[in-house]
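>>> Quick one: sequence plus predicted model below, questions after.
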Amino acid sequence: MDEIRAVLEDKGYDFFDGGKPYNLNLIGVRNDIQKPERFDDAILAVFRDDAERWQVEQFQATTDPGLYWLRNPIRDAGTAILCPGQYAGCYRIGQHRDYEALEQIHNMRYVRDDDQDDRLDLGLMHKEGQPFTDVIATNLHRADDTERSEYNYKWSAGCQVIADPEEFEHLLSICHASADIFGNRFTYTLLTIEDFQ
């Protein structure tokens with residue numbers, strides 16, 4: 001927890017505490033392996049529990065679009081890839097397709113990978129004309145509804161996706177506890193593994 005807090009503060013990002021339970025820090029950590037077909041990233045929930053003890057919960061996830069959407073972009077401009085950063089109040093408990101998830105409600109920053117190959121072109125984050133900001137329904141949701149998913153083929157077209165449905169439901173329960181106290185808005189911070197090295 002101290003390392004996570006130090007990374008956020010070093011970047012000038014908010015770290016939520018105030019000595020209160022369920023003041024939730026929702027954090028994605030993108031791996032440097034760059035295999036879009038794998039759930040090789042993490043989403044963290046960092047918060048104080050009912051007894052005000054710190055909890056750091058980690059969920060296997062992907063922060064990248066899957067192979068199908070890289071090869072078959074929804075838009076001609078290319079497939080959206082979320083850029084690292086902190087996005088204040090960007091999610092609420094809402095819907096993804098036909099189930100409860102964290103729904104995007106404010107601008108986030110992206111690049112569009114338009115070459116339709118199997119590689120994430122993260123270098124676009126430094127290219128003129130990229131990135132852009134928008135609300136494009138890149139929600140935080142689960143993959144399969146019954147079992148842990150091993151491969152991110154079609155699960156993400158730019159969303160943040162948790163591999164295991166039970167872990168996702170657990171994260172939602174934490175979000176509900178937070179929303180009951182602080183309201184139904186959640187800040188999401190996407191970091192990279194290099195931020196911890």
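Ah, there it is. Numbers count the residues shown, from 1 in each chain.
>>> quick one: contacts for residue 110?
80, 81, 82, 83, 131, 132, 133, 134, 136, 138, 158 (Cβ atoms under 8 Å, 6 or more residues apart in numbering). For glycine as for every other residue, the C-beta is placed from the backbone atoms N, C-alpha and C.
>>> Any of the residues you listed buried? List them.
Neighbour counting by 16 or more other Cβ atoms under 10 Å classes 80, 81, 82, 83, 131, 136, 138, 158 among those as buried.
>>> which ones among the residues you listed are found in strands?
If you go by DSSP state E, the buried ones among the contacts of residue 110 have 80, 81, 82 in strands.
>>> and which of these is nearest residue 22?
Among those, residue 82 lies closest to residue 22 (Cβ to Cβ), at 24.6 Å.
>>> Output the contacts of residue 110 as CSV; include the columns pLDDT.
Shown next, in CSV, are these (pLDDT from 0 to 100):
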residue, pLDDT
80, 95
81, 95
82, 96
83, 96
131, 91
132, 92
133, 94
134, 96
136, 96
138, 96
158, 94
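>>> ok, what's across the strand from the residue nearest the centre of the chain?
In the chain, the residue lying closest to the centroid (Cα atoms, centre = their mean) is residue 160, at 4.0 Å. Residue 160 has these beta-bridge partners by DSSP bridges: residue 140.
>>> got a list of contacts for the longest helix along the chain?
With secondary structure taken from DSSP state H, the chain has its longest helix at helix 165-182. With contact meaning Cβ under 8 Å, 6+ apart, helix 165-182 is reached by 20-24, 26, 43, 45, 47, 57, 59-60, 93, 100-102, 141-148, 162, 186.
>>> of those, buried ones?
By 16+ other Cβ under 10 Å, the contacts of helix 165-182 give 21-24, 26, 43, 45, 47, 59-60, 93, 100-102, 141-143, 162, 186 as buried.
>>> These in strands, which ones?
Among those, DSSP E puts 26, 43, 45, 47, 59-60, 93, 100-102, 141-142, 162, 186 in strands.
>>> May I ask which two of these are separated the most?
Of all pairs in those, the most separated under Cβ to Cβ is 60 and 93 at 21.3 Å.
>>> who's residue 87 bridged to?
residue 188.
>>> pLDDT score assigned to it?
In this model, residue 87 is scored at 98, pLDDT.
>>> And residue 153, by the same measure?
86.
>>> Also residue 9?
96.
>>> Spit out the contact partners of the closest residue to it other than its chain neighbours.
Closest residue in space to residue 9, ignoring its immediate chain neighbours: residue 15 at 6.0 Å, by Cβ to Cβ, 6 or more residues apart in numbering. By Cβ under 8 Å, 6+ apart, the contact set of residue 15 is 4, 5, 8, 9, 25.
>>> tell me the contacts of the first one?
Neighbour list for residue 4: 15, 25, 27, 44, 46, 56 [criterion: Cβ under 8 Å, 6+ apart].
>>> what about the fifth one, how many residues close to it?
When counting by other Cβ atoms under 10 Å, one arrives at 22 neighbours for residue 46.
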